[in-house]
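In: give me the fold of what follows.
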Amino acid sequence: MWLNDLYRSGKRERVRALIKRSNEGSAMLGFDSTVPFNKRSDEDLWRPFSDPCQQALRGAVVGRCPAAYDEQFQPQPHFITRPQFWIAHQAVAFANHQGAILNVQMTIAWDKIGYRYSQEVDVAHRVLMQAQRKFMRRHGVPNYNYAVFERSQTFGLHSHSGVHVPVHVYPQYRRWLERYVKRIDRVGFKQRLHVRRRRETAVARAIEEQWRWFRYCMKGVDPALNARERDVNGLAPDDTFTGFYGLKHRYSGIVTLQRVRVSQDMLRKARQEAGYPECYYLIDGEHRYDDAEYRRGEGDRLTEMLRRDLI
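Out: Alright, predicted model coming up:
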């Protein structure tokens with residue numbers, strides 16, 4: 001496509017020289033760049049074309065790059081699934097039980113910084129999470145966070161995250177995150193990153209804000225109820241999952257990568273190593289979005305201290 005732009009700008013001799021050089025290099029490798037798109041094998045499909053029109057034809061039919069081509073064959077999920085919602089909810093409840101609050105809200109506009117395909121975003125986000133885990137380890141902070149991916153008309157593919165960052169670490173974390181995202185930005189988009197820390201000092205208020213952001217991130221959950229969910233909860237045929245669980249449903253686009261992600265420090269293995277009493281965890285009921293797990297964790301730690309003192 002860039003050869004077309006260069007050709008239209010009047011630099012035709014430059015285009016011809018580039019094509020000639022490409023042909024000479026291809027000839028040395030035993031590849032003919034003049035072979036049209038419809039006669040190429042799968043191995044030669046992504047090799048350069050001497051004719052810009054053939055390159056444009058390939059882009060229109062199969063995609064501009066291998067990532068775009070592969071994305072066409074991936075599942076096209078429209079909603080957050082029930083297991084994804086429950087796993088993320090239990091992970092946040094576990095962090096509260098450990099005495100941590102996910103007090104930082106983060107949004108990254110991946111599409112606007114040059115990552116247009118799911119495969120690119122998948123790799124970039126995993127590398128970011130590894131770097132963030134190392135940052136938290138250096139500062140002696142547990143790496144509690146989750147991320148939810150969406151696709152919108154305004155920002156394209158983007159992610160919302162909830163992160164636990166203590167007050168004394170937040171200035172360093174903010175500087176580190178801004179520098180990191182600026183370094184991976186391919187375009188220079190000014191609104192590439194939005195980070196906000198809730199400043200509530202009261203625990204109950206801070207946890208309320210944490211769950212409010214969680215409910216916003218989960219707005220893309222599948223709203224339909226199955227027959228078992230209706231029978232167990234005694235719901236009417238016109239009730240929805242989002243209404244029953246206190247969510248405001250909003251369509252969040254097609255996302256071909258894993259839509260909801262949770263840090264390793266909040267998964268089942270980490271919860272088992274921490275001795276988290278999962279048998280008492282309840283997602284249903286009036287304590288779904290309050291500080292019940294935080295208070296239960298405080299009680300468990302106090303009980304353990306008293307037991308040790310008696311021993």
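In: starting at the chain centroid, how far to stretch 206-216?
Out: With Cα atoms, centre = their mean, to the nearest Å as the basis, stretch 206-216 stands 18 Å off its chain's centre.
In: contacts for it next, please.
Out: 88-89, 92, 96, 101-103, 105, 160, 162, 198, 200, 246-248, 289-291, 294 (Cβ atoms under 8 Å, 6 or more residues apart in numbering). C-beta coordinates here come from the backbone N, C-alpha and C atoms, glycine included.
In: buried stuff in the helix ranked longest in the chain?
Out: Identified as the longest helix of the chain according to DSSP state H is helix 118-138. Within helix 118-138, the residues that count as buried by 16 or more other Cβ atoms under 10 Å are 118-122, 124-125, 128-129, 132-133, 135-136.
In: likewise stretch 196-203?
Out: 197-198.
In: pLDDT of that stretch, averaged?
Out: Average pLDDT, stretch 196-203: 83.
In: quick one: low-confidence parts of the stretch 51-200 of the chain?
Out: Residues of the stretch 51-200 of the chain meeting the criterion pLDDT under 70: 58-76.
In: which residue ranges form the strands in it?
Out: For the stretch 51-200 of the chain, the strands defined by DSSP state E, counting those that start in this stretch occupy 104-108, 145-152, 156-163, 193-197.
In: make a markdown table from those strands and add distance to residue 209 to it.
Out: Below are the strands of the stretch 51-200 of the chain laid out as a markdown table (distance: least, Cβ to Cβ, whole Å):
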| stretch | distance to residue 209 |
| --- | --- |
| strand 104-108 | 9 |
| strand 145-152 | 15 |
| strand 156-163 | 10 |
| strand 193-197 | 10 |
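In: residue 171 is nearest to which of these?
Out: strand 193-197 (9.8 Å; Cβ to Cβ).
In: all helices for this structure, in order.
Out: Using DSSP H, helices in the chain cover 2-8, 12-28, 52-61, 66-71, 82-97, 118-138, 170-184, 203-217, 227-233, 241-244, 268-273, 292-310.
In: so what touches the longest one?
Out: Residues outside helix 118-138 that contact it (Cβ under 8 Å, 6+ apart) are 67, 70-71, 74, 110, 115, 142-143, 145, 147, 149, 157, 159, 163, 173, 176-177, 180, 184, 255-258, 261, 263-265.
In: do stretch 101-108 as well
Out: 92, 95, 144-146, 158-165, 170, 173, 177, 181, 192-198, 203, 206-207, 209-210, 213-214, 294.
In: how far does it sit from its chain's centre?
Out: Averaging C-alpha positions (Cα atoms, centre = their mean) puts stretch 101-108 13 Å from its chain's average.
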